Structures are given as structure tokens and as C-alpha cells.
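Visitor: The following comprises the amino acid sequence and a computationally predicted model.
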Amino acid sequence: MSKDIQSASTLSNDPEERFENPGLPPHTPRKNESKPGLKKLDSAIVTGVFSLSALASLAAVVLYFVLPDYSTLGNIRLGNLVLGLGLAIGFGGIGFAAVYWAKALMNDEEMVEERHTSRTSPEERAEAMEIMRQGVADSGVARRPFITAALGGALALVPLPFLVPLVANLGEEDGWDISKLKHTMWARGKRLMTDGPHDMSRPIKMDDVTIGSVFHVIPEGLNDLSHEEGYADEKAKAVVLVIRLDEKDLKQPENSLDGIVAFSKICTHVGCPVALYEQQTHHLLCPCHQSTFDVSDGAKVVFGPAKRPLPQLPITVDEEGYLIAEGDFPEPVGPSYWERKK
Ligand code: FES
């Protein structure tokens, strides 16, 4: 047996005998421990930042209601911008002040916690409670009522910018009025127009739609609204894809107009425009999360996270041979929302 192996085999298994405990490095006091004025300043900073957080949350909510709906900064609605800033300063302030409080004012004495068996003795539990009591005392929660009050205020107010738009706008005329989601501009007799600017959009004749062709379609009259508020919303709901298949490829040819079908272009997952059509498979693909709809089978979902088929626009042809709608979509277009029945 070699000398090294011999000496290793005679070493004790007790770590305390094998290694010298280096102990803790000497405690370095913080600057503010010797300067009470500095400690007061730190305390004021923490109180101030908690208060700033509370004020920012309140100010965001007030400004959200005070600023007119149409006031914008670039493309951003000012009301939404102040809510975002309120949230950023509210949460950021709480985070900054909490860290600063811990670093500048709470006890920073190093401690060693020895490992022990998981079941502690009553004495150890009593000691733990004492340590917790000491921690509460060290944090100054009881001795610093202003900081505690400011923290309480900041925590209580910081969710407001989240909740206000949810609560204030639900069901309101110009807010998240869900009745707007249930209807589109389509109505009986409206012609199907090619999508494009006013002077380029034209009505589509049934004969123009050859087998395999795809048209991006908007309702007649939509472009007349192009300078009005709400135009983009109306267009986003009403866009349609018109596709013609060979009737023998359709599973329900009776639901088509000689093989022509018109489906909402708004994905039923989260509303991206579905626009990739594979002519060979008759599949419509949503580029966002790859939901795939089978046009030959009522635009049913064959792949991806969407849960419902694309709503089908009922269409017919007028006496001049142009495609027209028979009415609005029979169900809301686009993704789910709480009140949606189907
Ligand atoms: S929005 Fe179409 S798959 Fe997600």
C-alpha cells in the first residue's frame, strides 16, 4: 500500500476534524451605520420611492380618464401610454425601494446556519421564532411607520392601472362593446369587392372566379368609410377569402355557389389574417401558429390551436352576375371571448 493511500485511509470521516473552519470574514459596517444623517437620507429615499410608485399608479388612472380618446403620441393612444408608464413606475418603484431598503437599512450581519436534521427540537423552533422576530425588528417595519405606510399604499394601488381598463370599458359604447364583435358590415345584397384602395376595388363577377382562384374580398361600401373613425375595425372584421373549388372536391357542395365558397379571413385562434391557400390540399394556413383549415370541408380545423372552423359568409349572385352576400356571417368572426356562445 502506497504512503498516500495509507494516509488517506487513516483520515477521520468527520469534516470538522479534516478541515479547519475558516469562519466568517470580518463584518464591514456600512457607511450609514456610523453616520445617522446618511441613514435618515436612505430612509427618506425608500419612503419617497414607495410614495412615487403609489402616485404614479394613481396619476395613470386619473390621466387615463382625463385625456381625450383621440389624443395620441405618434400611433400610440396617450391614455394607454400613461397606463403603461404608471405600471412601469408603480412596479419598478416598489422593486427599487424594496431592494434599497434591504441593502441600506436592514441588518447586514452575516450569519451561519448549521445543517440539522429535518425535525427540529422545540428549542430550535423557539430559536427560529426568535430569529424571525429579530428579522421583523431589524427590517424596521414597526419602527418605520412611514416606510410601512408608503409600501402598503404602493402595493394597494399598483394593480389599479391593470384593473381600470378592464372594469371601466367592459360593455361600454365606445370601449370593449362585445356587440360590435357579433356583427360585421356584411348585409343582404352587398357586393363582394376586391380588396384595395377606392379606385382599384371592383365588384367580382361569378364568372371571374375560376376553379383554384382566390380573391381577398371586402364588402361594398367599406372604402367609403376609409377616412372615418372605426374604418380599420370594420375592415378587420369583414375581410373574406373567396375560393372556387371543383364541386366534386367539396364535402358539402350544397353549401357553395357552384363550388365558390367565402370564408372569414380572421383566424379563430387569436385573429391573425389567414391567407396562405394550398390549392392542391385545399388547406388554408394561418401564419401565426399554423392553424390549418380545410376549405373543402367547411373550413374545419385540421391542425393547430384554433378550435372553430372559419365562419362562412353566405353568398349568391345578383341579376348582373356579381357575387353578393345573402346576409352577415351567421356567427361572430375571429377568436374566442368570454361571452361567445359558438
Ligand atoms: S392566430 Fe391563427 S393560429 Fe394562432
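Guide: Nice, I can see it.
Visitor: For the protein, what lies in contact range of the ligand?
Guide: The chain has residues 267, 269, 270, 271, 272, 286, 288, 289, 291, 304, 305, 306 near the ligand, with proximity defined as Cβ under 6 Å from any ligand atom. (C-beta placed from N, C-alpha, C; glycine too.)
Visitor: Give me the number of neighbouring residues for residue 238.
Guide: 24 (other Cβ atoms under 10 Å).
Visitor: go on, residue 131?
Guide: 13.
Visitor: try residue 285
Guide: As a burial measure, residue 285 scores 18 neighbours (other Cβ under 10 Å).
Visitor: if I look at residue 303, how far off is residue 24?
Guide: When distance is defined by Cβ to Cβ, to the nearest Å, residue 303 is 61 Å away from residue 24.
Visitor: still on that earlier bit, out of the residues of the chain next to the ligand, what pair is the most spread apart?
Guide: Maximum pairwise distance among those (Cβ to Cβ): 13.7 Å, between 271 and 304.
Visitor: Kindly list the longest helix within this structure.
Guide: helix 36-66 (DSSP state H).
Visitor: Now do it: which elements does it pack against?
Guide: helix 31-34, helix 78-104, helix 145-157, helix 160-169 (3 or more Cβ pairs under 8 Å, 6 or more residues apart in numbering; DSSP states H and E).
Visitor: Now do the same contact list for residue 289.
Guide: Counting by Cβ atoms under 8 Å, 6 or more residues apart in numbering, residue 289 touches 269, 270, 272, 304, 305.
Visitor: That one: what secondary structure?
Guide: Secondary structure state of residue 289, per DSSP: H, G, I helix; E, B strand; the rest coil, is coil.
Visitor: same check, this time on residue 215
Guide: Classification of residue 215 using three-state DSSP returns strand.
Visitor: so how many other residues sit close to the spatially closest residue to residue 237 that is not a sequence neighbour?
Guide: Spatial nearest neighbour of residue 237, chain neighbours left out: residue 184 (4.5 Å); criterion: Cβ to Cβ, 6 or more residues apart in numbering. Neighbour count for residue 184, taken as other Cβ under 10 Å: 27.
Visitor: again with residue 98
Guide: Using other Cβ under 10 Å, residue 98 has 15 neighbouring residues.
Visitor: and the residue nearest to residue 81 when sequence neighbours are not counted, what are its phi and psi?
Guide: The shortest distance from residue 81 to any non-neighbouring residue, by Cβ to Cβ, 6+ apart, is to residue 73 (6.0 Å). The phi/psi pair for residue 73 (degrees, to the nearest 10) reads phi -120, psi 100.
Visitor: what's the domain layout of this protein?
Guide: Domain assignment of the chain by automatic domain parsing yields the ranges 25-109+118-168, 179-325.
Visitor: Please enumerate the strands of the stretch 201-342 of the chain.
Guide: Along the stretch 201-342 of the chain, counting by DSSP state E, counting those that start in this stretch, strands occupy 214-219, 240-244, 260-264, 276-278, 283-285, 292-294, 300-303, 315-317, 323-325.
Visitor: Would you mind pulling the contact partners of the third one?
Guide: Judged by Cβ under 8 Å, 6+ apart, the contacts made with strand 260-264 from elsewhere in the structure are 192, 206, 209, 217, 239-245, 250, 255, 284, 293, 295, 299, 310-313, 315, 323, 329, 333-334.
Visitor: For PyMOL, what selects the buried ones among the residues of the chain next to the ligand?
Guide: Applying 16 or more other Cβ atoms under 10 Å to the residues of the chain next to the ligand leaves a buried subset, and the PyMOL line that selects it is:
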select buried, resi 267+269+271+272+286+288+291+304+306
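Visitor: between the residues of the chain next to the ligand, which is nearest residue 125?
Guide: Distance ranking of the residues of the chain next to the ligand against residue 125, using Cβ to Cβ, places residue 305 first at 50.2 Å.
Visitor: what's the angle from the strand or helix carrying residue 138 to helix 78-104?
Guide: Following DSSP states H and E, one finds residue 138 within helix 122-139. Relative orientation of helix 122-139 versus helix 78-104 (axes from the mean of the first three to the mean of the last three Cα atoms, to 10 degrees): 120 degrees.
Visitor: List of residues touching helix 122-139?
Guide: Under Cβ under 8 Å, 6+ apart, the answer for helix 122-139 is 101, 106, 107, 116, 120, 142, 143.
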